[in-house]
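S.K.: here's my sequence, what's the structure:
(2 chains)
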Amino acid sequence: MSTLDSSPSILPLYVKAALPLLPGASSLPFVPGGGGEIPSGLELELKGVRPERDRVADYAKVCGFRLREELPPTFPHILAFPLHMAVMSDGRFPFGAVGLVHIENTITRHRPVTFEDAQDIRVGVSRLKAHPKGQSFSLLTEVGVEGETVWTETSTMLRRGKTFGEEQAEPAPFPTLGAETPASATWRLSGDLGRRYGAVSGDRNPIHMHALTARPLGFDSAIAHGMWTLARSLAQLENRLPDSFTVAARFRRPIHLPGRVGFASGDEGERTLFSVRDAGDGTPHLDGTIDPLPTDTAKASV
Amino acid sequence: MKKKTRKVAVVGANRIPFARSNGTYTHASNQDMLTAALDGLIDRFALDGERLGEVAGGAVLKHSRDRDLTRESVLGTRLAAETPAYDVQQACGTGLETTILVANKIALGQIDAGIACGADTTSDAPISLNEELRETLLEANRQTTTLGRIRALTNVRPGHLVPSIPRNEEPRTGLSMGEHCAIMAKDWDIVRTEQDQLAVDSHHRLAAAYERGFFEDLITPYLGLRQDQNLRPDSSLEKLSKLKPVFGGPEGTMTAANSTPLSDGASAVLLASEDWAKERGLPILAYVEEAQTAAVDHVHKREGLLMAPAYAMSEMLGRTGLGLQAFDYYEIHEAFAAQVLCTLKAWESDDFCREKLGRSEAMGPIDRSKLNVNGGSLAAAHPFAATGGRIVGALAKQLHEDGKGRGVISICAAGGQGVVAILEAPGGNK
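M.R.: Numbering: from 1, shown residues only, chains lettered A, B, ... in the order given. Sure thing, here's the model as predicted:
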């Protein structure tokens, strides 16, 4: 594992991540590519991270969170994002990050992380798995504060293409809030949402920036960041979130910008199900579940 | 209406540390800060999922998007969403006025528990459209034809792009609050050193209160701030004497140190009936005994803009039969040191008490060692609507520590208004 002194800067990583798009570039040792398996030991660590107030304030505003003493539950993802990019642009990584699709995300918050916590962020990556539409792998993030694990995340990415192996792996079934639960809120998403979220998150993947940059990558228009949609959903539920919980989300269909989507949520025992859907025809964009951690059931049942 | 009333308990309070304008809370809105103050209170008293009788709150500088600031803040907390809320605005009296409103409903038995709160930001202040531009746009909107709209819009002028920024100015006199207070300071002959001494005492007392851990269950940190940003524990008369006057011209006595700075913050107070608190095993810090609001005519009768608390106090004490000396603590909001000193001098003046308050003689002096014992607004700063909650919380806790005794609160407000209230220790008066 390598320990970094400071957060890697994003732009050079994007260049590295995009280099595999150039014919032949992948044969260079510092450029990801070449195919094959993800090597073990691709791990990065960044210690003692304290987010800047203004950055959190800007992020909270774009996602709809209130600026509280505790950080938005998705915020450690923003701090870990440069590490995600660095892992995926490592010369040993088998393919470039451009064009990868974020298909699932699971976050466990063991306790709220505050401005005062010095976060030790560690990022690793799983092995490749077969997926009906190609291959998937997960970025594994763990945040510790003074040796205590406070936050973990599994971000699952799809590399579209031929699936490998004999087994036609079906993605595991994911709990879905039925269409009979009507949307409780409508969100009007502006055309510049991807650029605004890109500015506060550092995730400036061209598919989110503008129709002109999204088209070469196969999209008719810019699409919303999956992590924005997830963050906005948690902001909608902010007063109902227990201190410790696991939120799992499956990104089902991209949200084209500008657009109008509906948000629905409902409880099933201790679990909260939520979904983001097209405001018109109800096509699901995101399905999510929130489960309180066992130690916190008293609070969660409120 | 019920004839009998019941006792109203101050169960506890919470605030975020107050920050200087354009300091730590620059990007926090009123709703952010109010939510943070409520979060801390809800956590401290395990109010998760609790449906309270009401939450009354407000802000003095408010964006039009914050129409229902308090209700929206409640919806962002873990209080039951079925807790009703409403906004109140009475300038700097807002925080204490909301306490009185909630307390009165509890006293009447209409509700069992509620929260009084307030927030203000001068960093994230509302800036509105230029008034002429606003009128032009509204006129265009009223037109039914495209041509009519275009014609109306031709009235837009480049000068309209200058927005209107809220000013700390009395609408009917055109004077700022500081300028009004400078007139009072001159009328009442308040000297510079006396004002500076009050400011130094305020800083030293607030610092001492932090030192002894007094605020540990009254404040929750916010955005990395743990104590009031304006506090200067090493404040001294010598340092303060070097400052130039900011109000009252070159001969003025009011400086940046003996006037409160612009600031950001929020506070909240939990009030309940005795039964409600006891059922939940919650403490009773103090009881809300009495309250009074008064106003003066600062426009036509040349009354001091910030002299209304002198009247409110006289009326309240007249009703209860208590003398001004009957208190163990005096919490007089230090909008300006001169405001406090003018008020004290007015109560000591036979002429003022006879002519203005209709009394037979002066209300008399107070023991200054009982004044703002845990620091005041000059040290903590003064996010307008949050000040009342800060004072109610601190006085209630002090009375609870003592077990017996009573304290009185006095807050001056823009528009020539003043709000006063009496709190009594859980063990009654001494």
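
S.K.: worst-scoring helix or strand of chain A, pLDDT-wise?
M.R.: In chain A, the helix or strand scored least confidently by mean pLDDT, DSSP states H and E is helix A:297-300, which has a mean of 42.

S.K.: report the contact partners of the closest residue to residue B:254 other than its chain neighbours.
M.R.: For residue B:254, ignoring the flanking residues on the chain, the nearest one in space by Cβ to Cβ, 6 or more residues apart in numbering or on different chains is residue B:247 at 4.2 Å. Heads up, the C-betas are built off the backbone N, CA and C, glycines and all. Each residue near residue B:247 by Cβ atoms under 8 Å, 6 or more residues apart in numbering or on different chains is listed here: B:176, B:178, B:179, B:181, B:182, B:254, B:259.

S.K.: next: residue B:277.
M.R.: Contact analysis of residue B:277 by Cβ under 8 Å, 6+ apart lists B:9, B:11, B:113, B:283, B:284.

S.K.: and the helices in the chain?
M.R.: If you meant another chain, say so; for now it's chain A. Taking DSSP state H, the helices of chain A run over residues A:10-18, A:53-63, A:75-88, A:193-201, A:206-209, A:211-214, A:226-236, A:297-300.

S.K.: meant chain B, my bad for not saying
M.R.: For chain B, the helices defined by DSSP H cover B:30-44, B:69-75, B:94-107, B:131-142, B:146-153, B:177-187, B:192-211, B:237-241, B:274-279, B:308-320, B:337-348, B:350-355, B:377-380, B:387-402.

S.K.: which ones are touching residue 162?
M.R.: Going with chain A. residue A:134.

S.K.: that's the wrong chain, I wanted chain B
M.R.: When contacts are counted by Cβ under 8 Å, 6+ apart, residue B:162 touches residue B:130.

S.K.: what ranges does chain A have for its strands?
M.R.: Ranges of strands within chain A are A:2-4, A:44-49, A:101-109, A:119-125, A:129-131, A:134-145, A:148-160, A:185-189, A:245-251, A:259-268, A:271-278, A:284-292, based on DSSP state E.

S.K.: and the fifth one, what does it pack against?
M.R.: Where contact means 3 or more Cβ pairs under 8 Å, 6 or more residues apart in numbering or on different chains; DSSP states H and E, strand A:129-131 is packed against strand A:134-145.

S.K.: any part of the strand it packs on near chain B?
M.R.: No - figure legend: strand A:134-145 not in contact with chain B (Cβ under 8 Å from any Cβ of the partner chain); closest approach 14.9 Å.

S.K.: ok so, going back, of the contacts of residue B:277, which pair is most distant in space?
M.R.: B:113 and B:283 (13.5 Å; Cβ to Cβ).

S.K.: neighbour-wise, which of the two wins?
M.R.: residue B:113 (27 against 17; other Cβ atoms under 10 Å in any protein chain shown).

S.K.: surely that one meets residue B:51?
M.R.: No - Residue B:113 lies out of contact with residue B:51 (Cβ atoms under 8 Å); the separation is 9.4 Å.

S.K.: number of nearby residues for residue A:103?
M.R.: The number of residues near residue A:103, taken as other Cβ under 10 Å, comes to 19.

S.K.: got the contact list for the residue nearest to residue A:129 when sequence neighbours are not counted?
M.R.: Sequence neighbours aside, residue A:136 is the residue nearest to residue A:129 in space, at 5.0 Å (criterion: Cβ to Cβ, 6+ apart). Going by Cβ under 8 Å, 6+ apart, residue A:136 touches A:103, A:128, A:129, A:130, A:156, A:157, A:158, A:159.

S.K.: how about residue B:220?
M.R.: Contact partners of residue B:220, counting by Cβ under 8 Å, 6+ apart, are A:69, B:14, B:15, B:16, B:36, B:37, B:39, B:40, B:43, B:44.

S.K.: beta partners of the residue nearest to residue A:129?
M.R.: residue A:129, residue A:158 (DSSP bridges).

S.K.: that one and residue A:38, how far apart?
M.R.: According to Cβ to Cβ, to the nearest Å, residue A:136 stands 11 Å off from residue A:38.

S.K.: now do residue B:358
M.R.: Relative to residue A:38, and taking Cβ to Cβ, residue B:358 is found at 87 Å.

S.K.: the two: which is more packed in?
M.R.: residue A:38 (18 against 11).

S.K.: for that one, what are its contacts?
M.R.: Residues near residue A:38 by Cβ under 8 Å, 6+ apart: A:93, A:94, A:125, A:126, A:127, A:128, A:137.

S.K.: thought the fourth one was touching residue A:141?
M.R.: No - applying Cβ under 8 Å as the test, residue A:126 and residue A:141 come out as separate, 11.6 Å apart.

S.K.: of those two, who's got more company?
M.R.: With neighbours defined as other Cβ under 10 Å, residue A:126 and residue A:141 compare such that residue A:141 has more, 22 against 16.

S.K.: show me what that one bridges to in the sheet.
M.R.: Going by DSSP bridges, residue A:141 is paired in beta bridges with residue A:123, residue A:153.

S.K.: what sits against it?
M.R.: Contacts for residue A:141 (Cβ under 8 Å, 6+ apart) come out as A:76-77, A:80, A:83-84, A:121-123, A:151-155.

S.K.: interface residues of the stretch 51-200 of chain A facing chain B?
M.R.: Within the stretch 51-200 of chain A, the positions near chain B by Cβ under 8 Å from any Cβ are A:53-54, A:57-58, A:60-61, A:66-69, A:114-116.

S.K.: picking that back up, format the contacts of residue B:277 as CSV; extra columns: pLDDT.
M.R.: Formatted as CSV, the entries for the contacts of residue B:277 read as follows, by pLDDT from 0 to 100:
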residue, pLDDT
B:9, 98
B:11, 98
B:113, 98
B:283, 96
B:284, 98
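
S.K.: these also near chain A: which ones?
M.R.: Contacts with chain A within these, counted by Cβ under 8 Å from any Cβ: none were found.

S.K.: show me where the stretch 151-300 of chain A dips below the pLDDT cut-off.
M.R.: The stretch 151-300 of chain A contains residues with pLDDT under 70 at A:163-171, A:295-300.

S.K.: how much space between residue B:253 and chain A?
M.R.: 37 Å (Cβ to the nearest Cβ, to the nearest Å).

S.K.: thought that residue was touching residue B:195?
M.R.: Yes - in this structure, residue B:253 is within contact of residue B:195 by Cβ under 8 Å, at 5.9 Å.

S.K.: of these two, which one has the most company?
M.R.: Ranked by neighbour count (other Cβ under 10 Å), residue B:253 and residue B:195 place residue B:195 first, with 26 against 22.

S.K.: got the residues of the stretch 51-200 of chain B near chain A?
M.R.: Checking the stretch 51-200 of chain B against chain A by Cβ under 8 Å from any Cβ, the hits are B:75, B:76, B:77, B:78, B:79, B:81.

S.K.: count of residues packed around the fifth one?
M.R.: Taking other Cβ under 10 Å as the neighbour definition, residue B:79 ends up with a count of 25.

S.K.: backbone dihedrals for it, please?
M.R.: Dihedral pair for residue B:79: phi -60, psi 150, per degrees, to the nearest 10.

S.K.: can you pull up the most central residue in chain A?
M.R.: In chain A, the centroid-proximal residue (Cα atoms, centre = their mean) is residue A:227; its distance is 4.4 Å.

S.K.: and the closest residue in space to that residue that isn't next to it in sequence, what does it touch?
M.R.: Among residues not flanking residue A:227 along the chain, residue A:77 sits closest, at 6.2 Å (Cβ to Cβ, 6+ apart). By Cβ under 8 Å, 6+ apart, residue A:77 lies in contact with A:107, A:141, A:153, A:155, A:227.
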